[in-house]
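Student: I would like the atomic coordinates for the input below:
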Amino acid sequence: MKIAILSRNEKLYSTRRLKEAGEARGHDVDIIDTLHCYMDVTRSRPAVRYRGEQLPYYDAVIPRIGASITFYGTAVVRQFEMMGTFCVNESVAISRSRDKLRSLQLLSRKDVGLPRTGFASKPDDIPDLIKNVGGAPLVIKLLEGTQGIGVVLAETTKSAEAIIEAFMGLKANILVQEFIKEAGGADVRCFVVGNKVVAAMKRQGAEGEFRSNLHRGGTATLVQLSKEERATAINAAKAMGLNVCGVDILQSNTGPVVMEVNSSPGLEGIEVATKKDVAGLIYDFIETNAKPHKTRTKGKG
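Tutor: Okay, here's the model as predicted:
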């Protein structure tokens, strides 16, 4: 099959692994820098152009869209969809998962376990907002934050009020969430491919750090999921409409709660921790679900 990986950096572990795994299976794999794509929107033959050439009609596209380019990246994915190309994650699902508030609302509607969450815009809502999520300590998150950036733990009501007022003064959109103390600074990353959890790891935050992100010094180890955790991850992926994603779960006293659903989960941490060929499992999904494109044009590759 002829497959494109949309990625801004061909040297990233995830991008390299996806290319290597695809080529090892005999696929023709191109790495395409998303921001260098531009779209030819026409009535009969929509196309994507790249560095002065029209791209071929790929059989499948693997989007690796960073949070900072969500708007343009999903537009490119949408153009491939208009061309009849199978996209591992569809543009609307990527957009859905990137909007933290919208994704939590969708998960709530599907009865997926969540930490109690508040969202408000007026300063006079702050005291009730804090009370409604169980009071301090609590977590305050920027809607646009990634990799643990823009996530603050407020240990007292006064500090929570001050932080929220400061963010609101900067016109920043924030979420306020209950702090799951019993999680102990750890979470579980469930890697979902095609409505199955194919790998899982426990991420433990560095000493004194409540955020478990590997980018912030956390460590990853293999973990055995409970039946409830597995079902929660699968239901969260379905609610987002994502075929490939990372679902981050905290173990609370009331059961597993979803913190985030990541549409472009990294492969390095999960492959190292679990020793599984996750990239290969993604190609299993592509080979099962994608069909050769009916039309090809001369271009890259």
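Student: Who are the contact partners of Leu142?
Tutor: 149-151, 167, 172-174 (Cβ atoms under 8 Å, 6 or more residues apart in numbering). In this view, the C-beta of every residue, glycine as well, is placed from N, C-alpha and C.
Student: List the residues that contact Met240.
Tutor: Contacts of Met240 (Cβ under 8 Å, 6+ apart): 93, 96-97, 103, 106-107, 261, 263.
Student: so of these, which ones are in helices?
Tutor: Mapping the contacts of Met240 onto helices (DSSP state H) picks out 93, 96-97, 103, 106-107.
Student: got any ranges where the stretch 51-200 of the chain has weak pLDDT?
Tutor: Applying pLDDT under 70 to the stretch 51-200 of the chain flags the ranges 123, 144-148.
Student: Reformat the ones in helices among the contacts of Met240 as TSV; add distance to Gln204 and neighbour count.
Tutor: What follows is those, written out as TSV (distance: Cβ to Cβ, whole Å; neighbours: other Cβ atoms under 10 Å):
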residue	distance to Gln204	neighbour count
Ala93	29	23
Arg96	29	19
Ser97	24	25
Ser103	25	21
Leu106	29	18
Leu107	24	22
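Student: and which of those is nearest Leu12?
Tutor: Ser97 (19.5 Å; Cβ to Cβ).
Student: Can you tell me the closest non-neighbouring residue to Ala21?
Tutor: Using Cβ to Cβ, 6 or more residues apart in numbering and skipping the chain neighbours, the partner closest in space to Ala21 is Ala279 (3.8 Å).
Student: measure the nearest residue to Lys238 once chain neighbours are set aside to Ile234 for me?
Tutor: Leaving aside its sequence neighbours, Lys238 sits nearest to Asn195 (Cβ to Cβ, 6+ apart; 6.6 Å). From Asn195 over to Ile234 the distance is 6 Å, taken as Cβ to Cβ, to the nearest Å.
Student: out of the two, which sits in the more crowded spot?
Tutor: Ile234 (17 against 13; other Cβ atoms under 10 Å).
Student: Please, which helix or strand holds the more buried one?
Tutor: helix 227-240 (DSSP states H and E).
Student: that older thread, before we move on, what's the pLDDT of the residue nearest to Ala21?
Tutor: Per-residue pLDDT puts Ala279 at 98.
Student: Could you pull up the residues touching it?
Tutor: Contacts of Ala279 (Cβ under 8 Å, 6+ apart): 14, 17-18, 20-21, 267, 271.
Student: Can you tell me which of the residues you listed are classed as buried?
Tutor: 14, 17-18, 21, 267, 271 (16 or more other Cβ atoms under 10 Å).
Student: tell me which of those is nearest to Arg45?
Tutor: Leu18 (28.1 Å).
Student: Just the element for the closest one, please.
Tutor: Using DSSP H and E, Leu18 falls in helix 13-24.
Student: What lies in contact with that helix?
Tutor: So helix 13-24 is contacted by 3, 5, 7, 9-10, 29, 31, 62, 64, 266-268, 271, 277, 279-280, 282-283 (Cβ under 8 Å, 6+ apart).
Student: do stretch 265-275 as well
Tutor: Here stretch 265-275 has contacts from 13-14, 17-18, 189, 191, 199-201, 203, 214, 220-222, 244-246, 276-279, using Cβ under 8 Å, 6+ apart.
Student: Glu260 against Asp248, yeah?
Tutor: Yes - at 4.6 Å, Glu260 counts as touching Asp248 under the criterion of Cβ atoms under 8 Å.
Student: Counting neighbours, what do you get for Leu242?
Tutor: 26.
Student: give me every residue that touches it.
Tutor: Leu242 makes contacts with 89, 93-94, 97, 192, 261, 263, as judged by Cβ under 8 Å, 6+ apart.
Student: Can you tell me which of those residues is closest to Thr70?
Tutor: Checking the contacts of Leu242 against Thr70 by Cβ to Cβ gives Ile94 as the nearest, at 7.0 Å.
Student: Give me the nearest residue to the closest one, chain neighbours excluded.
Tutor: Ser263 (4.6 Å).
Student: thinking again about what came up before, neighbour count says what about the contacts of helix 13-24? Which are buried?
Tutor: Using 16+ other Cβ under 10 Å, the buried members of the contacts of helix 13-24 are 3, 5, 7, 29, 31, 62, 64, 266-267, 271, 277, 279-280, 282-283.
Student: Among those, which ones are in helices?
Tutor: Judged by DSSP H, the buried ones among the contacts of helix 13-24 include 271, 279-280, 282-283 as members of helices.
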